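Engineer: Pasting the sequence and the predicted coordinates here, then a few questions.
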Amino acid sequence: MNKTLIGMTVLLSAVAGCTSDAHVYRNQPLVAKVETGMTQEQVRQIGGEPVAVTPRTVELGTCFDYVLTQAGHKQPFNVSFDGNGKVDHKSFLTCAEWSHAQQKARAPGNSTGGMGGGY
C-alpha cells in the first residue's frame, strides 16, 4: 500500500470522526466491537445484515453499509473487507464515500512523487 493512501486513510478517519458525532456512537456494537481482521460472518453476528453490500472499486474486496441510530439521529457507517474477506477498514462514511476517497487518493497529482517529493 502506498504512503499516500495510508495518509489519506488516517486523514479521512480523523475528519470523519470530527464531522460526525462519533462519540455518540462509540458504544454501538459495530463501532465498539468490530476490529481489523474479523470475518464478514463475525461482523454480521455483531451488527446484523448490512443495509447494502457492494464490491470495492479501488482494491479487491467488499464493503458493508450500515446506518447507526442513536436518540433519533442517523449516521452512516461502513465496514470494509479485503480480498480475503477480512476487515481492513471501518469509518463513519458510506461505502460510496469511502470508495471515492480512495479513488481521489490514488489520482495522479495526489502522490508525493515528482519534483522533490519522491520516496
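Structural biologist: Ah, there it is.

Engineer: show me the contacts for A107.
Structural biologist: Listed by Cβ atoms under 8 Å, 6 or more residues apart in numbering, A107 has no contact partners. Just so you know, the C-beta spots here come from the backbone N, C-alpha and C atoms, and that holds for glycine as well.

Engineer: ok, now L30?
Structural biologist: Listed by Cβ under 8 Å, 6+ apart, the contact set of L30 reads 43, 46-47, 66, 68, 77, 79, 90.

Engineer: Take these and write them to JSON lines, including secondary structure and distance to Q102.
Structural biologist: What follows is the contacts of L30, written out as JSON lines (DSSP: H, G, I helix; E, B strand; the rest coil; distance: Cβ to Cβ, whole Å):
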{"residue": "V43", "secondary structure": "helix", "distance to Q102": "20"}
{"residue": "I46", "secondary structure": "helix", "distance to Q102": "24"}
{"residue": "G47", "secondary structure": "helix", "distance to Q102": "22"}
{"residue": "Y66", "secondary structure": "strand", "distance to Q102": "19"}
{"residue": "L68", "secondary structure": "strand", "distance to Q102": "22"}
{"residue": "F77", "secondary structure": "strand", "distance to Q102": "17"}
{"residue": "V79", "secondary structure": "strand", "distance to Q102": "15"}
{"residue": "K90", "secondary structure": "strand", "distance to Q102": "14"}
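
Engineer: Residue ranges in the chain under the pLDDT threshold?
Structural biologist: The model of the chain has pLDDT under 70 over residues 1-21, 110-119.

Engineer: Distance to E35 and neighbour count added to the contacts of L30, as JSON lines?
Structural biologist: Converted to JSON lines, the contacts of L30 look like this (distance: Cβ to Cβ, whole Å; neighbours: other Cβ atoms under 10 Å):
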{"residue": "V43", "distance to E35": "10", "neighbour count": "24"}
{"residue": "I46", "distance to E35": "10", "neighbour count": "17"}
{"residue": "G47", "distance to E35": "13", "neighbour count": "19"}
{"residue": "Y66", "distance to E35": "16", "neighbour count": "24"}
{"residue": "L68", "distance to E35": "17", "neighbour count": "19"}
{"residue": "F77", "distance to E35": "14", "neighbour count": "27"}
{"residue": "V79", "distance to E35": "10", "neighbour count": "25"}
{"residue": "K90", "distance to E35": "9", "neighbour count": "22"}
